[in-house]
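Enquirer: The sequence and its predicted three-dimensional model are supplied below.
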Amino acid sequence: MATLHDIARKAGVSITTVSNVIHNRKSRVSPDMVAKIRAIIKEENYVPSMTARTLARNVSPIIGVINHLAFRQGDEFSADPFSNTFIGSIENSTRDKGYFVMVRTVEDANALEIVQRNWKLAGIILAGLYHDDFFEKVKNLGIPYVLIDSYIDLPDVLNVGLEDQKGGYLATRHLIENGHRVIAFASPTIRKDGVDERRFMGYKQALLEYGIPFDEKLVYGQEFSVEAGMNLGHKLAKMDKITAIFATADILATGIIVGLREKGINVPKDKSIVGFDNNYLCRISHPQLTTIHQDIEEKGTIATKMMLNQLMGREITERKIILPVHLVERESVANIKNI
């Protein structure tokens with residue numbers, strides 16, 4: 001296996017020059033030499049030693065993707081199509097930059113500190129954080145971090161978010177415009193300053209706009225999993241007055257569809273449903289799921305760029321980026337205006 005010395009000798013340069021290229025310190029090396037060294041690295045299938053890099057810099061070339069909120073449902077986090085697509089996007093964006101991705105579920109701030117102490121992460125990307133003790137621990141780790149889908153309004157925080165309230169509004173409005181007036185809202189437990197609270201606000205905004213009274217009995221909070229969605233589907237099957245459901249995640253919506261079907265309820269003939277995310281589940285569910293689209297891959301790409309800019313000492317021009325959403329119509333909503 002080729003070593004750093006082998007690459008340097010073949011290129012006719014010092015080990016320091018090769019190291020500068022590997023670590024993207026290209027301003028210190030001519031463009032022609034950068035191209036030459038990279039060609040040799042590729043030809044020799046050279047892989048930098050993680051141990052050596054960690055010892056030299058007291059930090060590993062590992063970017064951590066940390067799951068905190070779904071600790072009790074760790075298996076669901078790894079099975080969630082949103083998480084898989086998001087993590088895949090980060091891995092694709094870091095692969096040729098000399099970094100590795102570690103996915104880790106942590107229970108609390110102490111567990112996060114242990115992970116950092118043992119692995120010396122270069123930086124961390126976290127989703128769905130709140131302004132609490134856990135976030136304070138993140139700030140105090142002393143390494144770069146990027147938040148995803150987090151409503152922490154501080155000037156120094158880098159965050160990639162979404163038009164969550166607009167998404168909730170569009171989903172509910174679509175159901176209303178198709179004649180539905182008794183619309184259930186299904187999500188994980190709503191927490192202040194969280195994504196689901198914003199989508200809930202959009203749901204209520206649409207009801208208000210169309211003169212439909214809000215009924216808290218139509219709000220269903222449960223665990224974030226397919227099984228929880230199926231169980232909710234069983235409950236909703238008994239609620240004849242409810243003709244439609246807005247679920248704040250596709251994984252929950254598809255579970256509800258299965259649960260309804262198990263109790264003899266047809267979607268969309270008997271009940272309509274709209275999800276949120278537009279992942280692959282929408283196209284393989286029966287019927288195919290109408291949903292709110294978000295660009296999950298773009299979210300991961302932007303988060304990675306923010307992280308790499310910090311790690312490489314580049315200027316941060318945008319600290320808060322909000323991505324757009326739109327409705328994708330498929331087969332899970334029936335028009336009942338004339339029924």
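Expert: Sure, I can see it. Residues are numbered from 1 along each chain as shown.

Enquirer: going forward, measure contacts between C-alpha atoms and count neighbours the same way
Expert: OK.

Enquirer: Can you show me the strands along the stretch 1-150 of the chain?
Expert: 62-67, 100-105, 123-127, 145-148 (DSSP state E, counting those that start in this stretch).

Enquirer: Direction included, what does the third one pair up with?
Expert: Translated: strand 123-127. strand 62-67 (parallel), strand 145-148 (parallel) (DSSP bridges).

Enquirer: Make a markdown table out of these and add distance to residue 135 and mean neighbour count.
Expert: Output for the strands paired with strand 123-127, formatted as a markdown table (distance: least, Cα to Cα, whole Å; neighbours: other Cα atoms under 10 Å):
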| stretch | distance to residue 135 | mean neighbour count |
| --- | --- | --- |
| strand 62-67 | 12 | 21 |
| strand 145-148 | 10 | 22 |
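
Enquirer: The ones you listed into a markdown table, with extra columns for mean pLDDT and distance to residue 284?
Expert: Listed next are these as a markdown table, based on pLDDT from 0 to 100; distance: least, Cα to Cα, whole Å:
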| stretch | mean pLDDT | distance to residue 284 |
| --- | --- | --- |
| strand 62-67 | 91 | 27 |
| strand 145-148 | 96 | 27 |
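
Enquirer: Residue 227 is nearest to which of those?
Expert: Nearest to residue 227 among the strands paired with strand 123-127 is strand 62-67; the distance by Cα to Cα comes to 20.0 Å.

Enquirer: Give me the angle between the closest one and strand 100-105.
Expert: 20 degrees (axes from the mean of the first three to the mean of the last three Cα atoms, to 10 degrees).

Enquirer: List the contacts of strand 62-67.
Expert: Strand 62-67 is contacted from outside by 77, 87, 99-106, 120-127, using Cα atoms under 8 Å, 6 or more residues apart in numbering.

Enquirer: One more: stretch 21-39?
Expert: Counting by Cα under 8 Å, 6+ apart, 7, 11, 17, 18, 20, 97, 98, 312 sit against stretch 21-39.

Enquirer: Same question for stretch 267-279: list its buried residues.
Expert: 267, 268, 270, 271, 272, 273, 274, 275, 276, 277, 278, 279 (16 or more other Cα atoms under 10 Å).

Enquirer: so of those residues, which ones are in strands?
Expert: With DSSP state E as the criterion, strands contain 272, 273, 274, 275, 276, 277 from among the buried residues of stretch 267-279.

Enquirer: re earlier: check the contacts of stretch 21-39 and tell me the two furthest apart.
Expert: Checking these with Cα to Cα, the most distant pair is 11 and 312, at 24.4 Å.

Enquirer: Have a look at those two and say which one is more surrounded.
Expert: Comparing residue 11 with residue 312 by neighbour count (other Cα atoms under 10 Å), the higher total belongs to residue 11, at 19 against 11.

Enquirer: mind checking how far the more buried one is from residue 89?
Expert: 33 Å (Cα to Cα, to the nearest Å).

Enquirer: As JSON lines, the strands of the stretch 1-150 of the chain with distance to residue 317 would be great.
Expert: Formatted as JSON lines, the strands of the stretch 1-150 of the chain follow (distance: least, Cα to Cα, whole Å):
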{"stretch": "strand 62-67", "distance to residue 317": "21"}
{"stretch": "strand 100-105", "distance to residue 317": "24"}
{"stretch": "strand 123-127", "distance to residue 317": "18"}
{"stretch": "strand 145-148", "distance to residue 317": "14"}
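
Enquirer: Tell me which of the strands paired with strand 123-127 sits nearest to residue 256.
Expert: Checking those against residue 256 by Cα to Cα gives strand 62-67 as the closest, at 24.5 Å.

Enquirer: Relative to the whole chain's centre, how far out is that closest one?
Expert: Centroid separation between strand 62-67 and its chain, computed with Cα atoms, centre = their mean, to the nearest Å, is 12 Å.

Enquirer: again with stretch 258-278
Expert: 25 Å.

Enquirer: Check stretch 166-184 too.
Expert: With Cα atoms, centre = their mean, you get 24 Å for stretch 166-184.

Enquirer: Could you pull out the helices in the stretch 101-250 of the chain for me?
Expert: Counting by DSSP state H, counting those that start in this stretch, the stretch 101-250 of the chain has these helices, from start to end: 109-119, 133-140, 164-177, 195-209, 226-236, 250-262.

Enquirer: which of these is buried the deepest?
Expert: helix 250-262 (a mean of 25; mean count of other Cα atoms under 10 Å).
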